[in-house]
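1. model the following, please.
(2 chains)
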Amino acid sequence: MEAFGLLVYGFSVLLTWKILALMMVGLVLGIFVGVLPGLGGPNGVAILLPLTFTMDPTSAIVMLSCIYWGALFGGAITSILFNIPGEAWSVATTFDGYPMAQQGKAAEALTAAFTSSFIGSLVAVLLITFLAPGIASFALRFGPPEFFAVYLLTFCSFVGLGREEKHKTIISMALGLLLAGVGMDTVSGQLRMTFGLDELLRGINFLVAVIGLFGISEILLTMEERLALRGHAASISLRTVLKVWKEMPRYWVTLLRSSAIGCWLGITPGGAIAASFMSYNLAKRFSKDKESFGKGRIEGVFAPETAAHASGTSALLPMLALGIPGSGTAAILLGGLMVWGLNPGPLLFVEHKGFVWGLIASMYLGNVVGLVLVLTTVPLFAAILRVPFSAIAPMIVVSCAIGAYAIQNAMFDIWLMLLFGVVGYVFKKIGIPLAPFTLALVLGNRAEDSFRLSMIGAGGDMRVFWSNGLVGSITTLALILLFWPLLAGGLARLRGGLVNDRKGSAA
Amino acid sequence: MAKSEDEIVVEDPAAPASDSPAVTSNRAVDVAVSLLLLAFAGLLGFDNWRTGMGWDATGPQAGYFPFYLSVILAAASLWGLAKEFLVRGQASGTFVTREQLRRVMQVFVPTLLFCLFTQWLGLYVASFLLIAGFMVFVGRIAVWKSLLTAFLFSLIMFVTFEIAFDVLMPKGPLEALFGR
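-> Residues are numbered from 1 along each chain as shown, chains lettered A, B, ... in the order given. The predicted structure is shown next:
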């Protein structure tokens, strides 16, 4: 087992006091960020990214990914105790988690949520451990046309599979790709879309945009709502933990199914939210006792949490193996890679073994430590919610500004962050999704480069995207996904027509 | 409250009332954003056309890729506009009520001032002013608590970034006094 040996090597990279300490710091900060209203996974990672600028890449990614795991764990606390989903993918957790808390079973619900999250991540990490190296070494043979086809697939699947209105997804994506092109053109050295502004020569930094879009806009949105909270305090005793764990094996089908759904949807971009809902609904459909769902059934906590974490974790698989993030947070981590001077893509597995395997090993360790940490410190973190939002909001604003400034030492970026904050606020309210924008902004330059390199190589012949079986099938798949809603609609109509015909002939 | 031990309650006395009158509807904002995006697409499209959106000896010119993206952006915005005007009838939700807007401005205006002050006074002083001011005037928290929190937070940030992690922030006259 080659992967196993490399994993052991990964652990050897990891097991230094410095990295272990950073891991704990990351987890605590992450849970903190996950619990606070108006913050969540992507915002937390984006705001705390500047802390890592002066670290070496391995310590940096370990700390950042631990912030992410922590935030995922933290989201469950507010969903269950306060009926406030920290993230969109925690919504399904509130369906049964909050009723359980109301019935005085908060500790059970929390234990169930944390443990199933842990199982979901574990399955996803195993997948990454054994699949990612293979995919990466396969992708080493990719040329520019193949890479462009994969980028196209990513973008098209957002349009075709997303739940938002199609034109809004396209707007978000086109805007992201356009803004990625601002500044100096990497191929010809020409200036584009700078309108004579010196500040725009560097281009629009991805992280500045993310901090504004997710951090500042979230503060604005949170202020709009009623900030009163009413929830349950809970502490988890060892007996409860053991009781839930003893019950757990009975639900192995649900756990396994949810993990599989999560992994699959996590690898395809934009899937974490869909994953949690889908696995909740499937658990309900396959259950003998459908009525008890939504009234505090423990399985209703297991299913969405497992899927959400499996998808959140497996979103890192395409990021590591191909340089294509599977989620907003993965996109931010990818932005981090570039800041630390690494070049994302399949070569990462060859050139930076210590980094990649250190990260994978940290996923195992981070989740184990995270599980123990949340199980023991829930009351502490739930108490954070007592801190008034009017103290937290300005602190978040300051942290965002520090983050935006630190990236390029530019005051202009603080203003840009504010602008993106307003844009994010308006976009969120009228339903223009931000994830495609994020992804397009981080991938834009590389997508364009691969397109132009393929065009140069092929002498401007578009047929290069169908020049061999591999690139041809990816491109075709991308186009199918793009027009999927139309195709699915057509198929449904066709089938509906047939059924009607049959009905007609029967009558 | 008898159950205070296992309940966490946070009040929000200044919460926006649910019956506050609407300022604009989602539809109006939707149309405005579509028009803005259309104009933006036109501007970028023109700029890229000027840069060169065709092909030369080496392949696509610098403006090729972004030019067609502006076309896509324009098309998607037009699609949105057309939809708004063709699919009339169904009620569109409220974009923001007057009280909600007031609350949003309560954060937005201080944030704007904070950015301005950062330019003149440096980030740490601006951060102290923002946190203290916000807690006192918006949160109605006791003055000493607010000042103390703001001071401690700014100090912790200063120690973390400037000293421990070597990430330098904009600084003003106050830091100059201490020779930083």
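2. show me the contacts for the residue positioned nearest the centre of chain B.
-> With the centre of chain B defined as its mean C-alpha position, the nearest residue by C-alpha atoms, centre = their mean is B:F108, 7.3 Å away. Residues near B:F108 by C-beta atoms under 8 Å, 6 or more residues apart in numbering or on different chains: A:220, A:422. (C-beta placed from N, C-alpha, C; glycine too.)
3. repeat that for 7 Å
-> B:F108 makes contacts with A:L220, as judged by C-beta atoms under 7 Å, 6 or more residues apart in numbering or on different chains.
4. low-confidence bits of the chain, can you list those?
-> In the absence of a named chain, this looks at chain A. Screening chain A residue by residue with the criterion pLDDT under 70, one finds the ranges A:1, A:37-41, A:86-88, A:226-229, A:269-273, A:497-507.
5. ah, no, chain B please
-> B:1-8, B:10-14, B:88-91, B:179-180.
6. what residues go with each domain of it?
-> B:23-95, B:98-177 (automatic domain parsing).
7. find the closest residue to chain B in the stretch 301-450 of chain A.
-> Of all residues in the stretch 301-450 of chain A, the one sitting closest to chain B is A:S390 (2.7 Å; C-beta to the nearest C-beta).
8. any idea how far A:I432 is from the residue nearest to the centre of chain B?
-> When C-beta to C-beta, to the nearest Å is the yardstick, B:F108 and A:I432 sit 20 Å from each other.
9. equivalent analysis for A:A113, please.
-> According to C-beta to C-beta, A:A113 stands 31 Å off from A:I432.
10. who has more neighbours, the two?
-> When neighbours are counted by other C-beta atoms under 10 Å in any protein chain shown, A:A113 comes out ahead of the other of A:A113 and A:I432, with 31 against 25.
11. give me the number of residues near the residue lying closest to that one once chain neighbours are set aside?
-> Take A:A113 and drop its neighbours on the chain: the residue closest to it by C-beta to C-beta, 6 or more residues apart in numbering or on different chains is A:A76, 4.1 Å away. For A:A76, the tally of surrounding residues (other C-beta under 10 Å) stands at 32.
12. give me the secondary structure label for A:A76.
-> Local secondary structure at A:A76 is given as helix here, using DSSP: H, G, I helix; E, B strand; the rest coil.
13. please name the spatially closest residue to residue 84 (chain neighbours excluded).
-> No chain in the question, so chain A it is. In this structure, A:I84 finds its nearest non-sequential neighbour in A:T78, 4.7 Å apart by C-beta to C-beta, 6+ apart.
14. please go with chain B instead
-> B:V31 (5.5 Å).
15. ok, now A:L479?
-> Taking C-beta to C-beta, 6+ apart as the measure, A:L479 lies nearest to A:C156, with 6.9 Å between them; neighbours along the chain are not counted.
16. so which strand or helix has that neighbour?
-> With secondary structure defined by DSSP states H and E, A:C156 is part of helix A:144-161.
17. what sits against A:P133?
-> If a contact means C-beta under 7 Å, 6+ apart, then A:P133 has A:3, A:349 as its contacts.
18. buried residues in the host helix or strand of the residue nearest to the centre of chain B, which are they?
-> Using DSSP H and E, B:F108 falls within helix B:98-121. With burial defined by 16 or more other C-beta atoms under 10 Å in any protein chain shown, the residues of helix B:98-121 counted as buried are B:99-104, B:106-108, B:110-111, B:114-115, B:117-118, B:121.
19. and which of those is nearest A:R285?
-> Top of the list for closeness to A:R285, among these and by C-beta to C-beta, is B:Q100 at 38.5 Å.
20. before we move on, the earlier item: any idea how far the residue nearest to the centre of chain B lies from A:L220?
-> 6 Å.
21. correct me, but A:L36 touches A:A391?
-> No - proximity of A:L36 to A:A391 does not meet the contact threshold set by C-beta atoms under 7 Å, at 11.1 Å.
22. looking at those two, which is more packed in?
-> The neighbour count for A:L36 versus A:A391, taken as other C-beta under 10 Å, is higher for A:L36 (24 against 18).
23. for the closest residue to chain A within chain B, give me its contacts.
-> The nearest approach of chain B to chain A comes at B:G139, 2.7 Å away (C-beta to the nearest C-beta). When the contact criterion is C-beta under 7 Å, 6+ apart, the partners of B:G139 are A:388, A:390-391.
24. gap between the two ends of stretch A:427-439?
-> Using C-alpha to C-alpha, to the nearest Å, the span of stretch A:427-439 from its first residue to its last is 16 Å.
25. list the contacts of it.
-> With contact meaning C-beta under 7 Å, 6+ apart, stretch A:427-439 is reached by A:154, A:158, A:162, A:164-165, A:168-169, A:171-173, A:175-176, A:210, A:213, A:217, A:221, A:269-270, A:325, A:328, A:331, A:424, B:26, B:29-30, B:33, B:95.
26. can you tell me which of those end up in helices?
-> A:154, A:158, A:168-169, A:171-173, A:175-176, A:210, A:217, A:221, A:328, A:331, A:424, B:26, B:29-30, B:33 (DSSP state H).
27. can you give me the strands in the chain?
-> In the absence of a named chain, this looks at chain A. Taking DSSP state E as the test, the strands found in chain A are A:183-184, A:191-192, A:229-232.
28. can you look at chain B instead?
-> All strands of chain B, identified by DSSP E, fall at B:7-10, B:22-25, B:55-56, B:59-60, B:94-97.
29. how about the nearest residue to A:T194, chain neighbours excluded?
-> According to C-beta to C-beta, 6+ apart, the nearest residue to A:T194 is A:L200 (4.2 Å).
30. quick one: the one you found from A:R141, how far?
-> Taken as C-beta to C-beta, the spacing of A:L200 relative to A:R141 amounts to 37 Å.
31. who has more neighbours, those two?
-> The residue with the greater number of neighbours, taking A:L200 and A:R141 and applying other C-beta under 10 Å, is A:L200; the counts read 18 against 9.
32. thought that one was touching A:M184?
-> No - counting by C-beta under 7 Å, A:L200 does not reach A:M184; the two are 9.8 Å apart.
33. ok, back up a step: among the contacts of stretch A:427-439, which ones are buried?
-> By neighbour count, with 16+ other C-beta under 10 Å, the contacts of stretch A:427-439 hold A:154, A:158, A:162, A:164-165, A:168-169, A:171-173, A:175-176, A:210, A:213, A:217, A:221, A:269-270, A:325, A:328, A:331, A:424, B:26, B:29-30, B:33, B:95 as buried.
34. alpha carbons only: can I get stretch B:102-122 in CSV?
-> Provided in CSV are the C-alpha atoms of stretch B:102-122 (Å, rounded to 0.1, in the frame of the first residue of the first chain):
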residue,chain,number,x,y,z
ARG,B,102,-31.8,51.9,9.5
ARG,B,103,-30.1,49.0,11.2
VAL,B,104,-28.0,48.2,8.2
MET,B,105,-26.9,51.8,8.0
GLN,B,106,-26.0,51.7,11.7
VAL,B,107,-23.2,49.2,10.7
PHE,B,108,-22.4,50.5,7.3
VAL,B,109,-21.8,54.1,8.2
PRO,B,110,-19.5,53.3,11.1
THR,B,111,-17.6,50.9,8.8
LEU,B,112,-17.2,53.6,6.2
LEU,B,113,-15.9,56.0,8.8
PHE,B,114,-13.6,53.3,10.1
CYS,B,115,-12.1,52.9,6.6
LEU,B,116,-11.6,56.7,6.4
PHE,B,117,-10.0,56.9,9.8
THR,B,118,-7.7,54.0,9.0
GLN,B,119,-6.2,56.1,6.3
TRP,B,120,-5.5,59.1,8.6
LEU,B,121,-5.0,57.6,12.1
GLY,B,122,-3.9,54.1,11.4
